[in-house]
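> My questions concern the predicted model and sequence given below.
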Amino acid sequence: QVQVVESGGDLVQPGGSLRLSCEASELTSDYYTVGWFRQAPGKVREFVSCFDNIGGTYYADSVKGRFSISISRTNAKATMYLQMNSLKPEDTAVYYCAGELRSTCLALGGAYRGPWGRGTQVTVSA
């Protein structure tokens, strides 16, 4: 099981930008598919973005063109990022990262049930 630590959430005005980070020592292998989810109050968790183990990416329609996922790996640790631009109030949520070995974005988004980190709060408000 992958243990993750998310950070970078903040209060930002509409139209602003944030970069979220996710650190996990287990994600150093290229065989991991990694992704970001978010959960707004009173709503189900939403699959936002993914970077699979062959270099493909996925973005939910609601964030396409505004968000960008990337990952930086060393032998010791991996850090995954979610660059969020042109933020909207509807982007307000707790953001979580996750990773699965030898998975796909379809599987990660459709079937992943945890474990989850603590998440990081993103609030977009004037």
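Ah, there it is.

> Now name the helix or strand holding the most centrally placed residue in the chain.
By C-alpha atoms, centre = their mean, the chain has its centre lying nearest to Trp36, at 2.1 Å. Using DSSP states H and E, Trp36 sits within strand 32-39.

> what does that strand rub up against?
With contacts defined as C-beta atoms under 8 Å, 6 or more residues apart in numbering, strand 32-39 is touched by 2, 20, 22, 26-27, 45-53, 58, 69, 71, 78, 80, 82, 91, 93-105, 107-109, 112, 119, 122. Placement of C-beta: from N, CA and C, glycine included.

> Out of these, which end up buried?
For the contacts of strand 32-39, a burial check counting by 16 or more other C-beta atoms under 10 Å picks out 2, 20, 22, 27, 46-53, 58, 69, 71, 78, 80, 82, 91, 93-100, 103-105, 108-109, 112, 119, 122.

> that older thread, export only the CA atoms of the strand holding Trp36, formatted as CSV.
Coordinates of each C-alpha in strand 32-39 appear next as CSV, following Å, rounded to 0.1, in the frame of the first residue of the first chain:
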residue,chain,number,x,y,z
TYR,A,32,3.1,3.0,-10.8
THR,A,33,0.1,4.7,-12.2
VAL,A,34,-0.6,7.8,-10.2
GLY,A,35,-3.5,10.2,-9.9
TRP,A,36,-5.4,12.9,-8.2
PHE,A,37,-8.9,12.8,-6.8
ARG,A,38,-11.0,15.5,-5.1
GLN,A,39,-14.0,15.6,-2.8
